[in-house]
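> Structure, please.
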Amino acid sequence: MMPTERFYAELPLLDHFIDATNVENFVSVPDDWFVVITDIAGSTQAIEAGRYKDVNLLGASSIAAVLNQTKDIEVPYVFGGDGASIVIPPGFVESVKPALRAVQQIAQSEFGLELRVGCVPMSVITTAGYTVKIAKLKISEHYNQAMFAGGGLNYATDLIKNSATATLYQLDQTIQPEADFSGLECRWQAIPSQHGEIISLLVLATAHSSEQNHAIYRQVVEKIYAIYGTDEDFHPVALQQLKLSLNSQDLLSETKVRSSSAGWFQQWLYLSQIQFENILGLVFMRFKLKIGMMNWGNYKTIVTTTSDYKKFDDMLRMVISGTLQQRQQLTAYLSDRFKHGELVYGLHVATSALMTCLVFERNGSQVHFVDGAEGGYALAAKPLKEQLKRKANNWQTYRQMYQLRQQLLDQK
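Just a heads-up that it's a prediction; the model follows:
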């Protein structure tokens, strides 16, 4: 094992989400590591066509495929709704490429979607003046969450999306696809908000230093807690709202990924199998059965406490359950901070949340990715990008006005 491969595994754990707003808690990723970016091309159009579950599942599939190839070490990742960012040491780059090619192939053959995949060396990111800094937050005994700062993930994503640079980092299409999707599940019904609505929120601080940006994030997080209350108050995955699905349509996306190489009969068998497993799960949880080491009466609590609904990856991402009045308070606050040039933000509103799961041990290692229904993070990115354009245009206009003023002064 190379000296830097245990870099992430040996990071100290943070105890509180607010600790992510302290720049001193982040350390730089080693320069020999790589950033893997996956992203659904045309995800906004797919989501607007009602295919948000497919988009979410493919984003999570790329994480599952990589984690099943890097079992010997702990690697950091973040789910973005329509894709993922995964940071891996150099010794695993070649072994994860067939797995990522398999996700690309499934996206095309089973869902008719294009999954962009790129692998960007950290040295390219740092040479461009960006960094990937990382911290590790303990969410529960079963899940530690990676948090990112420094702008490097956003820069790597731009390289993958830009046609002028994408070919330098994309996967070789001759690589033979091969992946293990063990643990990937999408078996819960949409989760209704306990307060009326679910918001998917993106906030990007736009100050001139990382210290200022982290201070802005701290103020935003504190304001969110002031408006919405405790984690239990605004958690989008409430115990009483969690229900397993028996609907074939709800379970079809998982079936397509987990049995993509099989014929229609094998896919039907897989679908029938997970429906049967869900029936057993409903019974076990209803009667709080204890089977072996597994206490099914506690399983919904495990799911809730390992839910990935608030995070940092070069921006703040949160899925929040709340009321219309609370959203109006938050929007007024963020709009004011935008007008002062401190941040840009995007927000999408739905009545329920979606959950896509990686369950490697039913009574152990697992994470449940949460996004708002009907578009979530991907649609929240639209107004954020519009605000970024306005900010850039305003700056360009200011520069032009300043230059014209200087020219007039020079002529006097």
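> Could you use CA atoms for every contact and neighbour count after this?
Fine.
> dump the residue contacts of the residue positioned nearest the centre of the chain.
In the chain, the C-alpha nearest the mean C-alpha coordinate belongs to Phe79, at 2.1 Å (CA atoms, centre = their mean). Applying CA atoms under 8 Å, 6 or more residues apart in numbering to Phe79 gives the contacts Gly59, Ala60, Ile63, Ser85, Phe369.
> For it, report the pLDDT, please.
On pLDDT, Phe79 comes in at 97.
> Buried residues in the strand or helix carrying Gly281, which are they?
Element membership for Gly281, per DSSP states H and E: helix 264-286. By neighbour count on 16 or more other CA atoms under 10 Å, the buried set for helix 264-286 is Gln267, Tyr270, Leu271, Ser272, Ile274, Gln275, Asn278, Gly281, Leu282, Phe284, Met285.
> In the sheet, which strands lie alongside the helix or strand just after it, parallel or antiparallel?
Counting by DSSP H and E, the next helix or strand C-terminal to helix 264-286 is strand 290-291. With DSSP bridges as the test, strand 290-291 is paired with strand 294-295 (antiparallel).
> Let's see the following helix or strand past the partner strand as PDB, backbone CA atoms only.
Later in the chain than strand 294-295, the nearest helix or strand by DSSP H and E is helix 299-305. Output of helix 299-305 as PDB, limited to C-alpha atoms (Å, rounded to 0.1, in the frame of the first residue of the first chain):
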ATOM      1  CA  TYR A 299     -33.800  -0.300  11.400                       C
ATOM      2  CA  LYS A 300     -35.700   2.900  10.500                       C
ATOM      3  CA  THR A 301     -33.600   4.700  13.200                       C
ATOM      4  CA  ILE A 302     -30.400   3.400  11.500                       C
ATOM      5  CA  VAL A 303     -31.700   4.700   8.200                       C
ATOM      6  CA  THR A 304     -32.500   8.100   9.500                       C
ATOM      7  CA  THR A 305     -29.200   8.500  11.400                       C
END
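> Let me know the helix or strand that the spatially closest residue to Leu316 that is not a sequence neighbour is in.
Sequence neighbours aside, Val203 is the residue nearest to Leu316 in space, at 5.0 Å (criterion: CA to CA, 6 or more residues apart in numbering). Using DSSP H and E, Val203 maps to strand 197-205.
> That strand pairs with which strands, and in what direction?
In the sheet, strand 197-205 lines up against strand 316-322 (antiparallel), strand 343-350 (antiparallel) (DSSP bridges).
> Please name whichever of these is nearest to Val359.
strand 316-322 (20.7 Å; CA to CA).
> pLDDT on that closest one, on average?
pLDDT averaged over strand 316-322 gives 98.
> Quick one: name whatever helix or strand follows it.
Next in sequence after strand 316-322, counting helices and strands by DSSP H and E, comes helix 324-339.
> Now do the strand holding Val203 against helix 324-339, angle only.
Interaxial angle, strand 197-205 versus helix 324-339 (axes from the mean of the first three to the mean of the last three CA atoms, to 10 degrees): 10 degrees.
> gap between strand 197-205 and the chain center?
Strand 197-205 sits 12 Å away from the centroid of its parent chain (CA atoms, centre = their mean, to the nearest Å).
> what's the angle between whichever helix or strand Asn213 is part of and helix 324-339?
Asn213 belongs to helix 210-228 when elements are defined using DSSP H and E. Counting by the same axes, to 10 degrees, helix 210-228 points 160 degrees away from the direction of helix 324-339.
> Would you mind identifying the next helix or strand past helix 210-228?
Heading C-terminal from helix 210-228, the first helix or strand you meet, by DSSP H and E, is helix 231-234.
> and that next one, average pLDDT?
In this model, helix 231-234 has an average pLDDT of 96.
> On the C-terminal side of that helix, identify the next helix or strand.
Following helix 231-234 in sequence, per DSSP H and E, is helix 248-258.
> got a list of contacts for that following helix?
Outside helix 248-258, the residues that reach it (CA under 8 Å, 6+ apart) are 53-54, 57, 61, 106, 110, 181-182, 184-187, 189, 245, 267, 270-271, 274-275.
> Now the buried members of those.
Neighbour-count burial (16+ other CA under 10 Å) applied to the contacts of helix 248-258 gives 53-54, 57, 61, 106, 181, 184-187, 189, 245, 267, 270-271, 274-275.
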